[in-house]
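**Q** this one's sequence-less:
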Ligand code: HEC
């Protein structure tokens with residue numbers, strides 16, 4: 001039996017849909033809060049590189065508050081970010097499939113789903129401190 005290219009493609013798509021996490025992004029408030037508060041002094045990669053337990057993330061957030069992270073003003077936002085990080089960046093979390101691109105001109109961060117190359121969200125982060133707004137790859141893709 002010969003494989004027709006179209007069925008192979010469909011099979012591939014199906015396999016991919018099984019592997020890629022199907023977190024809903026538009027409604028992922030924690031991720032928005034994370035991008036709005038945690039990319040002011042360093043890139044999101046700082047957190048994306050880590051896989052920590054909930055307790056360890058709590059300690060990190062407390063430390064960032066000590067550095068002056070504006071999330072200190074909202075208990076609700078702290079919980080949303082903790083929830084998000086514990087889930088997305090937990091000890092056994094799947095490797096990241098998101099790329100974060102800082103766009104200096106429009107002062108926002110673009111969340112890109114790497115497998116599908118779709119822009120999932122654009123999050124306003126306000127004025128970025130000078131010299132911090134470097135995209136993780138050093139490339140601008142837009
Ligand atoms: C006011 C500036 C500032 C903000 C806002 C900020 N951070 Fe940081 N962050 C730092 C500094 C400075 C360091 C490096 C010093 C250190 O690692 O203790 C750091 C380091 C880190 C590290 C690496 C720590 C390690 O042990 O290697 C992580 C993870 C991190 N930040 C996560 C976050 C998260 C999550 C948020 C949002 C809740 C956040 N940061 C917001 C200043 C900030």
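**A** Perfect, thanks for sending it. Worth saying up front: this structure is predicted, and the values here are computed from it rather than measured.

**Q** mean confidence for stretch 125-132?
**A** Stretch 125-132 shows a mean pLDDT of 57.

**Q** next one: stretch 56-66
**A** Stretch 56-66 comes out at a mean pLDDT of 98.

**Q** Okay, buried residues for that stretch please.
**A** 56-58, 60-61, 64 (16 or more other C-beta atoms under 10 Å). C-beta here means a position set from N, CA and C on the backbone, and glycine is covered the same way.

**Q** The closest residue to residue 112 other than its chain neighbours in helix, strand or coil?
**A** Nearest residue to residue 112 in three dimensions, chain neighbours excluded: residue 99, at 4.4 Å (C-beta to C-beta, 6 or more residues apart in numbering). Assigned with DSSP: H, G, I helix; E, B strand; the rest coil, residue 99 falls in the strand class.

**Q** so residue 99 touches residue 117, yeah?
**A** No - the criterion here is C-beta atoms under 8 Å, and residue 99 misses it with residue 117 at 9.4 Å.

**Q** out of the two, which sits in the more crowded spot?
**A** In terms of neighbours (other C-beta atoms under 10 Å), residue 99 is the more surrounded of residue 99 and residue 117; the figures are 20 against 9.

**Q** Contact partners for the closest residue to residue 70 other than its chain neighbours?
**A** Nearest residue to residue 70 in three dimensions, chain neighbours excluded: residue 37, at 5.9 Å (C-beta to C-beta, 6+ apart). Shown in contact with residue 37 (C-beta atoms under 8 Å, 6 or more residues apart in numbering): 69-71, 77, 81.
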